[in-house]
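Engineer: Predicted coordinates and the sequence they were generated for:
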Amino acid sequence: MSQLQVKVISKTAEAEDIASFELAGIDGKPMPPFSAGSHIDVHIRDGLIRQYSLCNPPHESHRYQIGVLRDAKSRGGSVAMHGDIKVGDVLTISEPRNHFPLTQAKRTLLLAGGIGVTPILCMAERLAATAADFAMHYCARSPERTAFRDRIATSDFADRVVYHYDSGADEQKLKLAEMIATPDTDTHIYVCGPGGFIDHVVNTAKDKGWPSAQVHLEYFGAVPVETDGDAPFDVKIASSGQVFTIPAGETVIKILADNGVDIPVSCEQGVCGTCLTRVLDGVPDHRDLYLTDEERAANDQFTPCCSRAKSTLLVLDV
């Protein structure tokens, strides 16, 4: 995957515990194009790579903008971005990738939870620029934790954005079941935010009869997985014939790396798809948030950073 060298040209406090970073090429040339819903890998320091959604208007070519929440449960990425990265620093990033693209729809309903506003805001920019029919609902804990309010207020789609605060009165909270009570074949729903928020939207839509093909989502982090029943299994490397045992409590990625078999990895939570590996034989125990239900059912690929095996052996195309 191509990598870029960029300079941090601004760092702005957007809300409590949320900062935006503006990145531009160090050579002054236009940045590679991107579409609404795209993200980049940011190499914060050696061995620490995180994915952040682009939130600036997708027609821009002179910069990328990302928003980062300082997470109290951070594994190091958000704390380093907030505390260590400063204006003038040069960072290595990937070219944009998009696993959360907009589709052609007569109407679009955008639902953002917390820092999940970043790709949703980019989508709103794109939809507004193309005169599309859409509405955006932005849920946050409080006004103080709501990023990009000034930007939204001065946008030409400000009247299509409704805010909902956990700290506010009941009448202003998101009434999702009422909002999507009747499935509409002309409407597509896009949701991004914490796992609980996404699950609420997806499950409500399912209960109301919305087809899954009309509900699009992107997780920002993994959800807890029950591991008490995990058992060891073997992984065979097709190219060499080597077989390695993956104990309970260890990941395929780690055991292979310990034995000199390197698979590219980034988020280590099954969210980004960087480590996606083809499976030639065996049945994976999918624990990612990247593959679709149909892709999981095919059992011909898995994410070795977090997924395991239902069979005693997985043969990997490595």
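Structural biologist: Perfect, thanks for sending it.
Engineer: When you work out contacts or count neighbours from here on, use the C-alpha atoms and nothing else.
Structural biologist: Will do.
Engineer: Check what pLDDT the spatially most central residue of the chain gets.
Structural biologist: When CA atoms, centre = their mean is applied to the chain, the residue found nearest the centroid is residue 220 (4.2 Å). Here the pLDDT value assigned to residue 220 is 71.
Engineer: and residue 254, that one's in a helix?
Structural biologist: Yes - Residue 254: assigned to a helix according to DSSP: H, G, I helix; E, B strand; the rest coil.
Engineer: ok, it - contacts?
Structural biologist: Contacts for residue 254 (CA atoms under 8 Å, 6 or more residues apart in numbering) come out as residue 305.
Engineer: That one and residue 244: what is the separation?
Structural biologist: Going from residue 254 to residue 244 by CA to CA, to the nearest Å gives 11 Å.
Engineer: Kindly report the same for residue 86.
Structural biologist: 43 Å.
Engineer: can you check residue 292 too?
Structural biologist: From residue 292 over to residue 244 the distance is 28 Å, taken as CA to CA.
Engineer: Likewise for residue 106?
Structural biologist: 51 Å.
Engineer: gap between the two ends of stretch 274-292?
Structural biologist: Its start and end residues considered, stretch 274-292 measures 15 Å (CA to CA).
Engineer: Would you map the strands across the stretch 1-150 of the chain?
Structural biologist: With strands called from DSSP state E, counting those that start in this stretch, the stretch 1-150 of the chain shows them at 3-15, 18-25, 39-45, 48-53, 64-69, 90-94, 107-113, 133-140.
Engineer: For the stretch 201-318 of the chain, just list every one of the helices.
Structural biologist: Applying DSSP state H, counting those that start in this stretch to the stretch 201-318 of the chain gives helices spanning 252-258, 293-298.
Engineer: deepest of those helices, which one?
Structural biologist: Of all the helices of the stretch 201-318 of the chain, helix 252-258 carries the top mean neighbour count, a mean of 17, counting by mean count of other CA atoms under 10 Å.
Engineer: how far is that one from where the chain is centred?
Structural biologist: 24 Å (CA atoms, centre = their mean, to the nearest Å).
Engineer: Flag the shaky bits of the stretch 201-318 of the chain, pLDDT-wise.
Structural biologist: For the stretch 201-318 of the chain, the stretches with pLDDT under 70 are 221-226.
Engineer: where along it do the strands fall?
Structural biologist: Under DSSP E, counting those that start in this stretch, the stretch 201-318 of the chain gives strands at 215-219, 233-237, 243-246, 277-281, 284-285, 301-302, 308-309, 313-316.
Engineer: Next one, pLDDT for residue 60 please.
Structural biologist: Note on residue 60: pLDDT of 97.
Engineer: count of residues packed around the residue nearest to it when sequence neighbours are not counted?
Structural biologist: With CA to CA, 6 or more residues apart in numbering as the criterion, residue 60 has its nearest non-adjacent residue at 7.9 Å, and that residue is residue 33. For residue 33, the neighbour count with other CA atoms under 10 Å is 14.
Engineer: got it, and residue 195?
Structural biologist: When counting by other CA under 10 Å, one arrives at 16 neighbours for residue 195.
Engineer: from now on call the first residue 52
Structural biologist: Right, with 52 as the first residue, what we last looked at is residue 246.
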